[in-house]
Every structure is written in structure tokens, then in C-alpha cells.
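**Student:** Here you go, sequence then predicted model.
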Amino acid sequence: MNTGKLDQRSRSVRASKVALAAMLVTAASGYFMGLRQTTGNTPRAVQAADLHPQTAPFPKDGVPKIVEYRRMGEARLGPNAGWTNHLSKLQTQAPKSLSPGIPADELDRLRAVQWRASRRAFDGAPPVIPHPVEQQTVDSCLVCHQEGRAIRDRVAPRLSHPVYGNCTQCHVPDRNSSIAGMEGPALAPTFGDNLFVGLSSSGRGGRAWPGAPPVIPHSTMMRSECLSCHGPLGLNGLRTPHPERSQCQQCHVPQNGMDDTPLATAGFTQLSLP
Amino acid sequence: MKPYPPLPSTLDRRGFVKQTALAAAAALAASRAGYTPTAAAVTTDPEIKWDKAPCRFCGTGCHVRVGVKNNRIVGIQGEPQADVNKGLLCVKGYHVGMILYGKDRLTQPLLRRDGQLVPITWEEAIDVIARKIMEAPQQFAFYGSGQWTIPEGYAAQKFMKGGLANNHLEPNARLCMASAVTGYLSVYGVDEPAGCYDDLDRCDVLILWGNNMAEMHPVLFSRIVDRRAKGQKVQIIDLATRRTRTTELADHYLEFRPQSDLAIANGIAHLLIKEGSYDKEFVARHCAFKTDTEEHTLDGKPISFEDYCRQLEAYPPEKVEEISGVPADKIRMLAGLFARRDLRITSVWCMGMNQHARGTNINRQVHGIHLLSGHWGRPGDAPTSLTGQPSACGTAREVGTLCHLLPGGRLVANAEHRIQSEQLWNLPEGRIHPKPGYHTVLLWEKFCTPTAKGGDIKTLFTQVTNPGQSLPNLKKLFQGKKGLEDKFLIVSDVYPTATTELADLVLPAAMWVEKNGIYGNSERRTQQWFKMVSPPGQARDDCWMTIAIARRLFELGHPGMKDKDGRFLFTFTNDRGEEVPAWKWEHYYDLNVDKALFEEYRKFTRLKHKDLAPYDEYVKARGLRWPVVEQPDGSWRETKFRFMEFDDPYVKKGSNIQFYHSVTKDDRAQIWFCPYEVPPEIPDVEFPFWLGTGRVLEHWHTGTMTMRVPQLRNAVPQSYVEMHPADAAERGLKNGDLVAVKTRRGQIEIPLWISGRGHPPRGMLFVPFFDERLMINDLTLDAVCPVSKEPDYKKCAADVSRVSRRDSRPVGPAL
């Protein structure tokens, strides 16, 4: 009986050893496979999900509100606290109509220009990001911004430039979307304001005569994708009245001056010494 | 983005109509008339003038176009004509124009009287400095940076070594690239990379040695990853001590324990030898062997190939795995890549290899692997160091604003070099002191030590740098100045900083395009710009300050301020041959002082074949890579690839590759054996974590400029500590908790950011150093590389614990 017990014990010990070994092997191989999976052939979204366990913005006083257990189900926490669930409606809306509808007026245009200015330091500066972002990877940016999409009243503009691999090189989160919440009262704000006043708008494109297509009033560098701003998802006032025509630069051309078309470099003026 | 944003309250419909009525009517009238003047067809504001300048921040050396209207910067564009960045910038570059307009710019000289900084005139300020120097000329030190323009550094160099016969001249670049310099010197006999950024366009494999390129040199990183978008195949290997944004775009991430890169490099060399896959012909033709010795000298000891192989036997892949934590298979994979001659491999590095207790050695070893495997000498096959400052190469390294150097790669300790410099400067023979001055860490230690205890630096003048935040172990090397009555700190800067906190005299400086300038970037490219806007208030050029101080000393009778003909050191004449008193601010821009100094400096650059073209050539170009050699037709040609016959005109025809500055005088480069050695401080029971420091994309160095740009500051408003989630869980720490990070040297209270920007492995902490309110350099170690004297900011032992909110004290100085 004793022997039987011993046998049983040693068998269970052996079994657990085998199980342990199997676990170790799985863990180790999983680890190294994981290491190898930085390669581009792995679906990125999976990694992104692994990498942001808790990026919750911190409340101003630095103390997270404790939610009662019974309220857990309905409480909104973490990075998506401000997010509303419209999963059933989650689809890119096609523009209502390609026809111009009511033409934009001057006020619409001014509103649009001001709205643009609120997102960038000056006309031509990369706009800041108005929502929290994944700090490490940029794959999630392209999900919405590569083609551009509108979901209800939110618009993710299409890239105004070719796809580059390193979005956060130029675009950084704004105050409400960064780790700004971390700046608790403990830190003295030692840095003064900035008095820089940038160019707010490049103005409008001139026409050679009434009815002539206006020329492009701004640099087309990093703004080669006209539909980003002027397409159906663009702001009213900047939106083209004829979205059905997609060869923009057939009629509208960049100008010598601020721009750098291959032939138009002469406008680059050098300042002389003061 | 909402399609119909609310209208700002400042502008209602009626106001708008009023405002625009006139303009609209005029435009309408013009268009009805059927004619618009041609000029009006270009709606780009004609009052904006655009001019070129290299970016003010890192050593990449991107070119920007600066838009100026009414004497103020209004916009920035990437410069499409620039080879370096081809029109692209990073977020710092796009906002670089805003660094001039922080509200708290320093605008007048301030002298500390009874503890308070009070305004004084420039005349008084210059006089105070000159008299302080006169008191004890040999106890004066000048501390600048890799942000000094070439003429600024050159003026400082001439003033100190040629004028005061004092070699206590150092740049902060000692803290960032000194190990790269000693690496190049001991391998090739001459400083700076042989390759250039063109290698990035051609390589098949890019190895990042402890370099978070996606954040630190983003424009160059994009140059690589954007090749993938064009369908080209480029393999990126990230050798690092923590996961970063770079890792996400890398094919392989090899995580190693701090300092064990020494073992990894040896592991690769070991396999190349053992498997016979090294490039036998290249080695036989172009290489010799050396070993590091216990004394750790720049010259080391020559050894035979057999000795070299024997020493490497201690580094089989399994042993390397044991030391580094990188699996043996991965070491084999790396060696396998180097064994393939059909691939082109570029290695890049920056602070990971330079701020290293054995910085010189790891630099030597990485060059060594490339030489051993023959991955050297073709475009795309290159070991290349990157720099963090815009002119660490151009000024600190080439002008030689280090305590042991004279311009153009000359040495203070070399009699012949001293004579050459004295001749070029028209000085009496024997003026230049033969003994090198104090290196940075020693210099600040001497300044912070009481005079009675041997602290023989009494007056210290800093320009364009913030040592009060960037030096390691600040309590010892900077805060020690407090209470030392006879020590006098002069600080020229643009904003109040951690350094001005302890300054006795603060000088307001002009910055970037508020003055003329010339920078030299990481790829040997010299870049020029003109002054475009006026500096605020009474802010003035750093170069002017140096000349004005020299002139005051001249007036006070300091003999060193005269050349051997009795003329003032900085004598300038205009086109008509008239002397221009450039030491008087109102006459400083009567001629282009930059051009005058550059033309003088240019004569120094031939010795090491780092030939520079005349100033006017740089005005026309978006930078030129030296040696820039005059052609028979009078044009000037830059050199992309040094020591390679197909491009470098100084290589002897038929030799293919010629290391013409070889330390062994036989045109050979040195392959070094350097052992793995344990770091100066390692985690233990009391301090169980590694602590590393560094940067983030949005902020540059000590943040004095970038923290004043709203877009950059808002993105990363303050510093934080990174930690592995499991380590945090073990200590009951949560994201956002205020924690105390502690080392043997100090402690700070700082928020914890888990799974944020970077992902350290277990047992590692990371803190960026840009935040002057959370000074991580109170904690870092002042141990230096024995050869380069560069401190190791990347590893020391630390502990972390929770701070309860109630007990937490306000952090940071009140400025």
C-alpha cells in the first residue's frame, strides 16, 4: 500500500515535471517567437493591443477616482473614458452628394481657416493630434487617416502627403491628449508663454481673370493630396464645389514663390545682411 | 474634427462683414474689370522673405527655410533642396522658429549683487569679466558647446589658447561624443566618419547600437524606413537595453544588459574568425591589430593577428549570451550577416555607445567588426556615429574646442602643432601652453572645490549650454559652487536655466538666425546661414562677447591679446582696407565677422585633409561635406566617402582604400581587441535597478528651448520614469503614481509612466533629462571612460519606492 502510494506520488511528481517542462518549452519558444515578431509580417494590431495596458490620462489632482464596485459596469475608465459606443453605426459615411449643395460663403471659409489655425503653430506646420495616441506604434494612425473617414460628426482627414512610416515624427498629441494630466500641482510652471505669431493662412489663390481656375496659394510640399482638405470630407469653405473632378492639378497649379515646383525655385529669395 | 466648428466669440458675422467688405469689394471690382495684375496671381505674401538655415537642434543638420516678415519669423518649411532632409523635418524642426519667442527671453546683462540679479550695462559686464580674468588668467576656464557656431568656437579657441595661453577650454560635447572621437582616432588616426548619410540609402542591413533613432534622429530614420515604402528591402536590427519606437519598425530586437555590448561585439568577431568568414583580403591589405591595455591609453598596444584571435577565444556565443542576455543564436545571426559579402551593412550609434564607461572601446570594436568583415569602403557598408548637437562635429571636433586640441586636429601637446598654430595666428613662438587643460568633469570638479582645497578654477564662463542640468552628479559637479565666495560663474544664454540659477553674471545672447552662423553636422557637412531677425532687447552675439572681452583685456594691458606685431588678436579690415572695431557692438555687423574668422580658420583645415571651401561657396550651397577640394575649373567639389579611391581625391590612385592618416603610418586601420569589463556601478540589494537616461522626440537636451514651444511642451509636458509593469506591480505601484527614484548620489520624486513611450525590461528604469524641475542628473554617476573622459549616463544603480501624495513636496526651482 505504501509502495502504491509512493508510486502514485512519484507518478504525479513525474507528471507534474512533464507538465512543467512542457510549460517551460512553450513559454520559452513563445518568448523567442515573440522576439522575432517585430518583423513586418506580423499583423500590427495584435502588438498594439499588447502594448497599452494602461495609458489612462491622469486626473488633474493626480488621484484617480475610486469607483464603487456596483458602479463598475457603467463607469467609464481609462483611455476610452470619453468614448461613446456607436458600434452599430461604425461605418465610413459616403459624402451625401457629390453636388456642391449650398455654396460656401466667406464666413464659412474664415471659420475653416480659424479652425485649421487652432490645430497648428502656423500655416504649413504639421497639425497636432487632438486625441490620445498609442505612444509606440503608428499603425493605428493609418487605420483612419490613410484614406480619411467620417464617423458621425467626427472626421479623420485623409493624409495630405504620401504615406510615411513615422507619423509621430512630425505630429504630436496636444495638451488634452498627451500625458499632460501627469503635471500635477507639485510642479512649478517655470516656463513662460511663447510670443510667436505664425502665418495663419496662406490666403486664397488668385485668378488670372473671372472664371479662370484659381492657382494654389500655398506650398504643395507635404500638401500634395488636395482632397485631404479640399475633398468631400474637408471643411466647408475649403471644400471644392466640384468633387467629381479628381485631377486637381489639371487646372490648379502651384506658383513660384513659397513653393518649390522643379521649375519654380527662382522665387527663393535670400535676405541680405541687415 | 467637427465640420462646423463654432465661431470664436471675437468675431461675429457683423464684425466679419465690416472687416472684409472693403477687401471683397476691391477684389470683386478687380475681377469685374477682367484683369488681375500678374503679381497678385501669386498670393503668397510678398512681404515674407524666405532664407535657408540649418535646424538649431540635433546633429542631423536638416535644412529649413525660415519665413521672415517685419523682422519676425512667421513660418518654417523643410528645405527641399537640402540633401540631408530633402524637404522633410521632425516636429522640433517644424517648430524651430518659435524657440526665439519664449516670453522670458533674457534681454539685458544681469549681475548678482547681494544675492539678487540686477541689470547692468554691457560695458560694465565686459569690464567685470575682463577684470576677473586679469586677477588670475590661468584660473579662468571657458566652457562652450557643440551649439557654438564654427566662428564662435574658433574665436574662443584663439582667445584662450592663443591669447591667454590657457588650455582650460572645453565644450559640453565632451559629455556626448568624446568616445566617438577617441574611437575614430585610435582606429583611423583621424576623427569623424568616413561614410555619410548616403550610406542609409544604399545599405541592406542597418544595425542600431543602442540608438533610438526613431526619436533621436527621426529624419534619418525616416530616410531608412521610407525606403520600405518604395518597395526596397532593408533589414533593421535594434540592439538596445529597452524597447522604443525604433523597435516597432525593426526586424530584430536584441535586448542586452547594460555594458554587455562589449561582449556582443567580441562574440561577432569571434565567430567571424572561428568560421573563417572574415574578409581575409581586406584584412591583409588594410588592417593591423591592437589591444587595449590595463592603463587604457589612446594608443594601446600593437598585437599580431594570432594574438587577436587568441584573445577572442573567450567569447563564444554561449558565453556572450551569459554576459549579455542575447541568445547565442542571435549572435550567430549577426555574425552570419557580417559574413555575407553580398549584403551592405551600416552601423549607426549615438549616446548608447558614447556615454559608456568603456565608450572608446565599444567604438573601436564596432569599427573593428566592419573592418574585419570587409563591410567597409562601399556605399552602404559603413560604421557611422551620429551626433546630438548641430555643430559637435563642426565646432567641438574640427575647430577643436577641447582642452587638448588646437584647430584642425592639432594637439596642444605636440610641439610642431603648436608652432604651426602660432604661425597661423601670427603669435610669438612659445605662446601656446604645452599642457592640456582640464577635461569637462575635472574642470567642473575644480570649479566646485574650494580654492584652499586645490580648486584652481576660479572664474568660469559658459556659452550656449546648460551644465547646471546636463552634467552628471550635479550636486558634486555644479551645486558645489554654492557658497564658494571666490568662485565666479558667468553664463551667456537665451533663457533662465538651471545654470543661470547659480550665475554671478548673466549675459543675454542672440540665438540661431538672430546672428550669422556656420555649423558642421554628423556627416562632415559644413552649413552656413545669415542673420535674419534682430535679437530681442540688448541680447548680443556670443562671438562678439568673446571679442569684446579680448579687447577689454587688450586695453587693460594683458600681453597675450597682442600678436607678435603688437596688433590686437581680433583685428578685422573691410574691403577698403580700413580697420573695423568689431569689439564695439554698433560696428560688429559693419563687416561679416563670421566670414573673416572662417577664412582665417580655413587655413588650419588642410593638415588632416579636412579642407574647407571659401565662405562664399557655403552661402550658395545647402552645406558641403569636407574635404571640399578645388577643381581645375575653379569649382569646389565635396567628398562623400573618405579613404575610398572612387570618391576621395586624397587617396593614392590604384590603392582602392587608403587610410592616409593611419596611426601606424602604413595606410592601415587598426582592429582593436577590447575585453568585456563590468560597469563601474551595478545593481545590488540596496539599489536593485539599472537607471538609464536619455531624450524624447519632442524635447531637445535640457529642454530650455523646446519646453518653451507650446506644441512640443504640450506633447510631453514633464519628465517621468519608465518601468516594467511587473516590477511596478511587485512594489504596488500604478501608472501615474508619484515615486521616489534614488541612487547613491541623490533622489527625485517623479511620476511613473508604465507602458508609455519606452518599455524597459525588468530591473531597468529610464528617465529623460529634459525637465529642469525633475533633474535626473542629480542622480547619475560621474564615472568616465578612461580614454575619452566622457561620463556614462546610461547606467547606474537605483531604487524606486512610492511617495505618498501628502508628503510630496513641490519640486523644481522658482526662477
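**Tutor:** It's in.

**Student:** C-alpha only now, for contacts and for neighbours.
**Tutor:** Noted.

**Student:** Quick check, pLDDT for residue 68.
**Tutor:** Picked chain A for this. For A:E68, the pLDDT comes out at 71.

**Student:** Oops, wrong one, chain B.
**Tutor:** On the pLDDT scale, B:V68 gets 92.

**Student:** quick check, it in a helix?
**Tutor:** No. Secondary structure of B:V68 (DSSP: H, G, I helix; E, B strand; the rest coil): strand, not part of a helix.

**Student:** isn't it right up against B:V74?
**Tutor:** Yes. At 5.7 Å, B:V68 counts as touching B:V74 under the criterion of Cα atoms under 8 Å.

**Student:** Give me the three-state assignment for the spatially closest residue to B:Q747 that is not a sequence neighbour.
**Tutor:** Nearest residue to B:Q747, sequence neighbours excluded (Cα to Cα, 6 or more residues apart in numbering or on different chains): B:V741, at 5.6 Å. Taking three-state DSSP as the rule, one finds B:V741 in the strand state.

**Student:** What about B:V741, how many residues nearby?
**Tutor:** The tally of other residues near B:V741 (other Cα atoms under 10 Å in any protein chain shown) stands at 26.

**Student:** which strand residues sit across from it in the sheet?
**Tutor:** Per DSSP bridges, the residues bridged to B:V741 are B:I748, B:V800.

**Student:** B:P536 contacts B:T107, correct?
**Tutor:** Yes. Counting by Cα under 8 Å, B:P536 does reach B:T107; the two are 6.1 Å apart.

**Student:** and the closest residue to chain A within the stretch 101-250 of chain B, backbone torsions?
**Tutor:** Going by Cα to the nearest Cα, chain A is nearest to B:G102 of the stretch 101-250 of chain B, at 4.2 Å. Backbone torsions for B:G102, taken as degrees, to the nearest 10, come to phi -60, psi 140.

**Student:** All the strands of chain A, residue numbers only.
**Tutor:** A:149-151, A:154-156 (DSSP state E).

**Student:** who's in contact with the closest residue to the residue of the stretch 101-250 of chain B closest to chain A other than its chain neighbours?
**Tutor:** With sequence-adjacent residues excluded and distances taken as Cα to Cα, 6+ apart, B:G102 is closest to A:N194, at 4.2 Å. Applying Cα atoms under 8 Å, 6 or more residues apart in numbering or on different chains to A:N194 gives the contacts B:98, B:101-103, B:708-710.

**Student:** Of those residues, keep whichever come out buried.
**Tutor:** Among the contacts of A:N194, the ones that count as buried by 16 or more other Cα atoms under 10 Å in any protein chain shown are B:98, B:101-102, B:708-710.

**Student:** Quick check, B:E772 in contact with B:P496.
**Tutor:** No. Judged on Cα under 8 Å, B:E772 makes no contact with B:P496 at a distance of 10.8 Å.

**Student:** and these two? which has more neighbours close in?
**Tutor:** Ranked by neighbour count (other Cα under 10 Å), B:E772 and B:P496 place B:E772 first, with 24 against 20.

**Student:** How confident was the prediction at the residue nearest the centre of chain B?
**Tutor:** Most central in chain B under Cα atoms, centre = their mean is B:Q389, positioned 2.5 Å from the mean C-alpha point. B:Q389 carries a pLDDT score of 96 in this model.

**Student:** Could you list the domains of chain B?
**Tutor:** Chain B breaks down by automatic domain parsing into domains covering B:13-99, B:110-173+B:392-588, B:178-386, B:689-807.

**Student:** End to end on stretch B:649-664, go ahead and measure it.
**Tutor:** This stretch, stretch B:649-664, spans 21 Å end to end (Cα to Cα, to the nearest Å).

**Student:** Give me the buried positions along that stretch.
**Tutor:** If you call a residue buried by 16+ other Cα under 10 Å, then stretch B:649-664 has these buried ones: B:649-651, B:657-663.

**Student:** next one: stretch B:342-353
**Tutor:** Neighbour counts over stretch B:342-353 (16+ other Cα under 10 Å) mark B:344-353 as buried.

**Student:** okay, now B:D647: neighbour count?
**Tutor:** Using other Cα under 10 Å, the number of residues around B:D647 comes to 13.

**Student:** do the same with B:G483
**Tutor:** Neighbour number of B:G483 under other Cα under 10 Å is 11.

**Student:** would it count as being in a helix?
**Tutor:** No. B:G483 is assigned coil when assessed by three-state DSSP, not a helix.

**Student:** How much space separates it from chain A?
**Tutor:** 24 Å (Cα to the nearest Cα, to the nearest Å).

**Student:** again, but for B:P467
**Tutor:** Counting by Cα to the nearest Cα, the separation of B:P467 from chain A is 18 Å.

**Student:** Run through the helices of chain A in chain order.
**Tutor:** Secondary structure of chain A (DSSP state H): helices at A:2-36, A:44-51, A:106-117, A:139-145, A:227-230.

**Student:** mean pLDDT for those helices: which is lowest?
**Tutor:** Looking over these, mean pLDDT reaches its minimum on helix A:44-51, with a mean of 33.

**Student:** wait, doesn't B:A240 sit right on B:Q259?
**Tutor:** No. Using Cα under 8 Å, B:A240 makes no contact with B:Q259, being 10.6 Å away.

**Student:** Tell me how far stretch B:290-307 lies from the chain's centre.
**Tutor:** Taking the mean of its C-alpha atoms, stretch B:290-307 sits 29 Å from the chain's own mean (Cα atoms, centre = their mean, to the nearest Å).

**Student:** quick revisit: arrange the strands of chain A in CSV, one row each, with mean neighbour count and mean pLDDT as further columns.
**Tutor:** Output for those, formatted as CSV (neighbours: other Cα atoms under 10 Å in any protein chain shown; pLDDT from 0 to 100):
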stretch, mean neighbour count, mean pLDDT
strand A:149-151, 18, 84
strand A:154-156, 17, 88
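
**Student:** Chain B is nearest to which of the ones you listed?
**Tutor:** strand A:154-156 (5.0 Å).

**Student:** still on that earlier bit, for the residue nearest to the centre of chain B, give its distance to B:A509.
**Tutor:** Distance from B:Q389 to B:A509, by Cα to Cα: 18 Å.

**Student:** same check, this time on B:A130
**Tutor:** Using Cα to Cα, B:A130 is found at 18 Å from B:A509.

**Student:** repeat for B:N426
**Tutor:** Per Cα to Cα, B:N426 is found 30 Å from B:A509.

**Student:** Could you do B:Q116 as well?
**Tutor:** 20 Å.

**Student:** okay, the two: which has more neighbours?
**Tutor:** Shown here are B:Q116 and B:A509; by other Cα under 10 Å, B:A509 has more neighbours (31 against 10).

**Student:** I'd say the more buried one and B:P109 touch.
**Tutor:** No. Judged on Cα under 8 Å, B:A509 makes no contact with B:P109 at a distance of 9.3 Å.

**Student:** So what's the gap between stretch B:570-579 and the chain middle?
**Tutor:** Relative to the mean C-alpha coordinate of its chain, stretch B:570-579 is positioned 34 Å out (Cα atoms, centre = their mean).

**Student:** Please apply the same query to stretch B:741-749.
**Tutor:** 27 Å.

**Student:** can you pull the contacts of the residue nearest to B:D127 when sequence neighbours are not counted?
**Tutor:** Residue nearest to B:D127 in three dimensions, not counting chain neighbours: B:R552, with 6.7 Å by Cα to Cα, 6+ apart. Neighbouring residues of B:R552 by Cα under 8 Å, 6+ apart: B:126-127, B:130.

**Student:** Identify the residue spatially nearest to B:I126, adjacent ones excluded.
**Tutor:** Of all residues not flanking B:I126 in the chain, B:I549 sits nearest, at 5.7 Å (Cα to Cα, 6+ apart).

**Student:** The one you found in helix, strand or coil?
**Tutor:** Quick answer, by three-state DSSP: B:I549 is helix.

**Student:** No further queries at this time; thank you.
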